[in-house]
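Engineer: Quick one: sequence and predicted model below, then my questions.
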Amino acid sequence: MSTKSMAKLTDQEAMNLAIAEAKKGYGWVEPNPPVGCVILDKDRNLIATGYHGKFGKSHAEIEALKKVKNKKLLDGAHMFITLEPCSHFGKTPPCAVQLATLPFGSVTFGRVDPNPAVKGKGSLILRSSGMKAIKYKGDRTELDKLHDMFCYSYENTSTFVTIKIASSIDGQMALKSGESQWITCEESRLFAHELRARHGAVLVGRGTLNIDDPYLNVRHPKFKKFRGENKVVVIDPDGSILNNIQKYKISNYRSKKNIFVVTSNKIKSNNKHCQHISVSLKGKYLDLGQLKKTLFLNGIQSVLVEGGPLTVSQFLEQNEANKLCLFMSPSILGAKGGMSWTSELAIKKLSQKIALQNSTYEAIGSDILLTSYFKGAFS
Ligand SMILES: NC(=O)c1ccc[n+]([C@@H]2O[C@H](COP(=O)([O-])OP(=O)(O)OC[C@H]3O[C@@H](n4cnc5c(N)ncnc54)[C@H](OP(=O)(O)O)[C@@H]3O)[C@@H](O)[C@H]2O)c1
């Protein structure tokens, strides 16, 4: 990359570019975080960008460094990374150790890595070598969103929950008859497959399994890697489907290690076709906070909750939802014949309304996608 034609970047521009780079890894890097990196020369001209492109492959910093052919440009250069460089031997050697040997003027990172194997150690390695390692001081909203699932799950030792809804503009996600295919447009449905790819598992209630018998796999041309092997979690409080799980389509092409059926802890089973998780009851419903902790211990960092109305309402009622992806089609189904995604939620005072934050709106085909966060999603 020639520096002559390059504009000088401010810290914020460099970090925004690093964030844009990181997003190229969405769906490929999980359960690692998507990470992006930008290198400016000593005069702040852009010389390289890089991102973590695949789980187990080299990290963003190393990808950016590979692109700098003239190593003299690294003298006094400034690196911007969305996340603190790693300090441990995982699938790749520690990036911080490699960066510490280079003649950078500064390394700015967006967020401290919450993984206990790294937390603060990456920046310590840099500082111990005399390098200026700076925690980014600009607006962190986009960084928080970028690292939402990764940071939340490590900071809370609990699975991050995204609620995905396909609804009419009047909030109906199915008809009372059970018919729900399709409310939203083809483009929205394709994007929903990308969301599946980004999450550790897809979660549904047993009602959805009984009515729709969905595959819940990732069918997206960009993500052929999954071949039906993404993880699925089914909420089945009394174990009524637990012993028949092999008859449902989620069991097609999916090994039992990737199928989790959640029942109340009163249910005992020696089912050989899935993983059986049991949690306590909270009133008459399963304790979803306990479920999130248990899923995290089972290596699931995030779940995409795909319904139905009762399951979604319970995540809201128990205050255990972290993010909402609401696909709204410009159509009306009517509350009398429809099933609202908040059908089981009863808010008694306006002061108790669930207020969401950090919202974005995008047009997807003929639909609108609202992406928003629940309180407590960011630390
Ligand atoms: N438009 C969309 O985005 C969308 C997405 C998915 C589904 N749907 C539609 O939604 C309809 C199904 O609705 P639904 O409400 O029956 O389905 P559901 O939410 O998938 O399943 C409800 C069942 O799950 C169990 N459950 C869920 N959370 C629980 C908790 N915290 N504690 C205890 N039990 C819990 C209960 O089982 P028990 O009955 O055993 O107590 C409940 O009856 C279908 O028509 C489907 O097509 C629409």
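Structural biologist: Yes, it's here. Numbers count the residues shown, from 1 in each chain.

Engineer: Assumed Gly76 was part of a helix.
Structural biologist: No - according to DSSP: H, G, I helix; E, B strand; the rest coil, Gly76 belongs to no helix; its state is coil.

Engineer: What strand or helix carries the most centrally placed residue in the chain?
Structural biologist: The centroid of the chain falls nearest to Met149 when counting by CA atoms, centre = their mean (4.5 Å). Secondary structure assignment for Met149, by DSSP states H and E: helix 148-156.

Engineer: That helix packs against which elements?
Structural biologist: Applying 3 or more CB pairs under 8 Å, 6 or more residues apart in numbering; DSSP states H and E, we find helix 148-156 packed against strand 160-168. For glycine as for every other residue, the C-beta is placed from the backbone atoms N, C-alpha and C.

Engineer: Now the helix holding Met149: buried residues?
Structural biologist: Neighbour-count burial for helix 148-156 flags Asp148, Met149, Phe150, Cys151, Tyr152, Ser153, Tyr154, Asn156 (criterion: 16 or more other CB atoms under 10 Å).

Engineer: Stretch 280-295 now?
Structural biologist: Of the residues in stretch 280-295, Tyr285, Leu286, Asp287, Leu288, Gly289, Gln290, Leu291, Lys292, Lys293, Thr294, Leu295 count as buried by neighbour count, 16+ other CB under 10 Å.

Engineer: Surely the fifth one is within a helix?
Structural biologist: Yes - inclusion of Gly289 in a helix is indicated when three-state DSSP is applied.

Engineer: Run through who's touching the helix holding Met149.
Structural biologist: For helix 148-156, contacts defined as CB atoms under 8 Å, 6 or more residues apart in numbering pick out 30-33, 111, 114-116, 144, 158-160, 162, 198-200, 296, 301-302, 322-323, 373, 377-379.

Engineer: rerun at 6 Å
Structural biologist: With contact meaning CB atoms under 6 Å, 6 or more residues apart in numbering, helix 148-156 is reached by Pro33, Pro114, Asn115, Phe160, Phe296, Gln301, Ser302, Ser379.

Engineer: average model confidence for that helix?
Structural biologist: Mean pLDDT, helix 148-156: 97.

Engineer: All the helices of the stretch 1-150 of the chain, in order from the start?
Structural biologist: Assigned by DSSP state H, counting those that start in this stretch, the stretch 1-150 of the chain shows helices spanning 11-23, 60-66, 95-100, 121-128, 141-146, 148-156.

Engineer: Centre of the chain to the longest one, how far?
Structural biologist: Using CA atoms, centre = their mean, to the nearest Å, the mean C-alpha position of helix 11-23 is found 18 Å from that of the whole chain.

Engineer: same deal with the fourth one?
Structural biologist: The chain centroid and the centroid of helix 121-128 are separated by 28 Å, computed with CA atoms, centre = their mean.

Engineer: Restricting to C-alpha, output that helix in CSV.
Structural biologist: C-alpha atoms of helix 121-128 as CSV (Å, rounded to 0.1, in the frame of the first residue of the first chain):
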residue,chain,number,x,y,z
LYS,A,121,-1.8,-9.5,30.6
GLY,A,122,-1.5,-8.6,26.9
SER,A,123,-1.2,-4.9,27.7
LEU,A,124,1.2,-5.7,30.5
ILE,A,125,3.5,-7.6,28.1
LEU,A,126,3.6,-4.5,25.8
ARG,A,127,4.2,-2.0,28.7
SER,A,128,6.9,-4.2,30.2
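
Engineer: tell me which residues in it are buried?
Structural biologist: Using 16+ other CB under 10 Å as the test for burial, helix 121-128 gives Lys121, Gly122, Ser123, Ile125, Leu126.

Engineer: what sits up against that helix?
Structural biologist: Residues outside helix 121-128 that contact it (CB under 6 Å, 6+ apart): Glu84, Pro85, Cys86, Ser87, Ala96, Ala100, Val107, Ala133.

Engineer: What is the burial count for the fourth one?
Structural biologist: The number of residues packed near Ser87 is 22, by other CB atoms under 10 Å.

Engineer: and what of the last one?
Structural biologist: The tally of other residues near Ala133 (other CB under 10 Å) stands at 23.

Engineer: Equivalent analysis for the fifth one, please.
Structural biologist: Counted by other CB under 10 Å, the residues lying close to Ala96 total 28.

Engineer: what's near enough to touch it?
Structural biologist: Pro85, Ser87, Gly122, Ile125, Leu126.

Engineer: sorry, back to before: just the contacts of helix 121-128 now: which is nearest Leu350?
Structural biologist: Glu84 (41.4 Å; CB to CB).

Engineer: what's the angle from the host helix or strand of Ser188 to strand 160-168?
Structural biologist: Element membership for Ser188, per DSSP H and E: helix 186-198. Interaxial angle of helix 186-198 relative to strand 160-168 (axes from the mean of the first three to the mean of the last three CA atoms, to 10 degrees): 170 degrees.

Engineer: Check which helices and strands helix 186-198 sits against.
Structural biologist: Counting contacts by 3 or more CB pairs under 6 Å, 6 or more residues apart in numbering; DSSP states H and E, helix 186-198 packs against strand 357-364.

Engineer: residues making contact with the strand it packs on?
Structural biologist: With contact meaning CB under 6 Å, 6+ apart, strand 357-364 is reached by Glu187, Ser188, Phe191, Leu369, Leu370, Thr371, Ser372, Tyr373.

Engineer: can you check stretch 190-207 too?
Structural biologist: Contact partners of stretch 190-207, identified using CB under 6 Å, 6+ apart, comprise 26-27, 164, 216, 218-220, 223, 231-236, 241, 300-308, 310-311, 364.

Engineer: For that stretch, output the C-alpha coordinates as PDB.
Structural biologist: C-alpha atoms of stretch 190-207 as PDB (Å, rounded to 0.1, in the frame of the first residue of the first chain):
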ATOM      1  CA  LEU A 190     -31.300 -15.200   4.700                       C
ATOM      2  CA  PHE A 191     -29.900 -12.700   7.200                       C
ATOM      3  CA  ALA A 192     -31.400 -14.800  10.000                       C
ATOM      4  CA  HIS A 193     -29.200 -17.700   8.800                       C
ATOM      5  CA  GLU A 194     -26.100 -15.400   9.200                       C
ATOM      6  CA  LEU A 195     -27.300 -14.700  12.800                       C
ATOM      7  CA  ARG A 196     -27.400 -18.400  13.400                       C
ATOM      8  CA  ALA A 197     -23.800 -18.700  12.200                       C
ATOM      9  CA  ARG A 198     -22.700 -16.000  14.600                       C
ATOM     10  CA  HIS A 199     -24.200 -17.600  17.600                       C
ATOM     11  CA  GLY A 200     -23.000 -20.600  19.600                       C
ATOM     12  CA  ALA A 201     -26.500 -22.200  19.400                       C
ATOM     13  CA  VAL A 202     -30.100 -21.700  18.300                       C
ATOM     14  CA  LEU A 203     -32.700 -22.100  21.100                       C
ATOM     15  CA  VAL A 204     -36.500 -22.800  20.700                       C
ATOM     16  CA  GLY A 205     -39.300 -23.900  23.000                       C
ATOM     17  CA  ARG A 206     -40.900 -27.300  22.500                       C
ATOM     18  CA  GLY A 207     -44.000 -25.600  21.000                       C
END
